[in-house]
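Undergrad: I'd like to go over a predicted model; first the sequence, then the structure.
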Amino acid sequence: MNMSPRSDAAGGMEDIQDERLVIKSFDIRGVEFGDVSRISDHKLIIDRNISGRIGAREKPVKKVDVSIVYPHKHDVYVNGILDIIPVSAKALGRLGEGITHTLTGVYVMLTGTDEEGGQFPECGSSAGMLKDHIMLGCPGTPSQDDFIVLVDVTVQAGLPFGRELPMAAHRTADRLIDEFRQILKRMDGTAADEQHEYYNIRRPGRKRVALVKIIAGQGAMYDNIVLPDEPCGFSGGRSIIDMGNVPVLLTSNEYRDGAIRAMT
């Protein structure tokens, strides 16, 4: 949506609203396993056979365990935490504009180890009891009341630890999320529990402001994917390392819509 600037009463130019982004959220109040992946009546149903399917195409991946961490039940052991990922999909348009459908009340958590129990390095000391290694209720983390779909990836032991191992784990988790993205894309937007509209705003005649975010781009784990095909996705994104750690200019709506995916 583009609007031509108009003069205000003081003779200046009014704000211009560009690139409208609508985020529609669907609240999840229950998560369980079933015969097929689906979203119904505020429940997320996970295909109980999904584990073998999502890791089958990754050569170093030997096993995938998918489990559910229930609200207020965080006294469980987890391997090294690689990422916490929202379940969101573009229903219309590209990243940063159009319509995004997202689930609230549930997150995907990716963890990883090798066959001998070696933790993915450079993740921090995040293996152990989940309640001791996560700050719940912070930006980017679940709250006490949220469900967590835990995707634990086991890779072949003895392989040199390079970028391919964590990337394989991330691709594996992304395939699980993608099953629900395809469902989200088809959901009736009028049935959303909440809807929020955001615009990239230009202010003619005023100073231009840029916010600088420093992200990691080195080693096997310190990597970020920029501008994936789906919000906070993996496919289609470009590694900040592969781009040579050059500055990347994002609009506020691209950032809001999940343009940066952490690999750590």
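TA: Structure's in. What do you need?

Undergrad: Going by C-alpha atoms from here, please, whenever you check contacts or count neighbours.
TA: Fine.

Undergrad: For the stretch 101-250 of the chain, give me the ranges with low pLDDT.
TA: The stretch 101-250 of the chain contains residues with pLDDT under 70 at 121-124, 220-221.

Undergrad: Next, please give the residue ranges for the strands of it.
TA: Per DSSP state E, counting those that start in this stretch, the stretch 101-250 of the chain carries strands over the ranges 106-114, 128-129, 147-155, 194-202, 224-226, 238-239.

Undergrad: what does the fifth one rub up against?
TA: When contacts are defined by CA atoms under 8 Å, 6 or more residues apart in numbering, strand 224-226 is touched by residues 215-217, 234, 237-241, 259-264.

Undergrad: Which of the strands of the stretch 101-250 of the chain sits closest to Cys138?
TA: Nearest to Cys138 among those is strand 106-114; the distance by CA to CA comes to 13.1 Å.

Undergrad: next one: the longest helix along the chain to chain centre, how far?
TA: Longest helix in the chain, counting residues (DSSP state H): helix 164-186. Relative to the centre of its chain, helix 164-186 is centred 10 Å away, using CA atoms, centre = their mean, to the nearest Å.

Undergrad: My read is that Val153 contacts Lys63, right?
TA: Yes: counting by CA atoms under 8 Å, Lys63 is a contact partner of Val153 at 6.1 Å.

Undergrad: Between the two, tell me which one has more neighbours.
TA: Val153 (27 against 17; other CA atoms under 10 Å).

Undergrad: So what pairs up with the more buried one in the strands?
TA: Val64, Gly112 (DSSP bridges).

Undergrad: repeat for Ile84
TA: Under the criterion used (DSSP bridges), Ile84 bridges to Met109.

Undergrad: Just give the number of residues close to it.
TA: Neighbours around Ile84, by other CA under 10 Å: 21.

Undergrad: Val149 too?
TA: Using other CA under 10 Å, Val149 has 24 neighbouring residues.

Undergrad: which residues sit in contact with it?
TA: With contact taken as CA under 8 Å, 6+ apart, Val149 is in contact with Val66, Ser67, Ile68, Val69, Val106, Tyr107, Val108, Met109.

Undergrad: sorry, back to before: can you tell me which of the contacts of strand 224-226 is nearest Pro86?
TA: Using CA to CA, Arg261 comes nearest to Pro86 of the contacts of strand 224-226, at 10.5 Å.

Undergrad: Quick check: that closest one vs Lys213, distance?
TA: Arg261 sits at a distance of 13 Å from Lys213 (criterion: CA to CA, to the nearest Å).

Undergrad: So between the two, which is more surrounded?
TA: Using other CA under 10 Å as the criterion, Arg261 and Lys213 rank with Arg261 on top: 22 against 7.

Undergrad: Look up which residues are beta-bridged to that one.
TA: Ile225.
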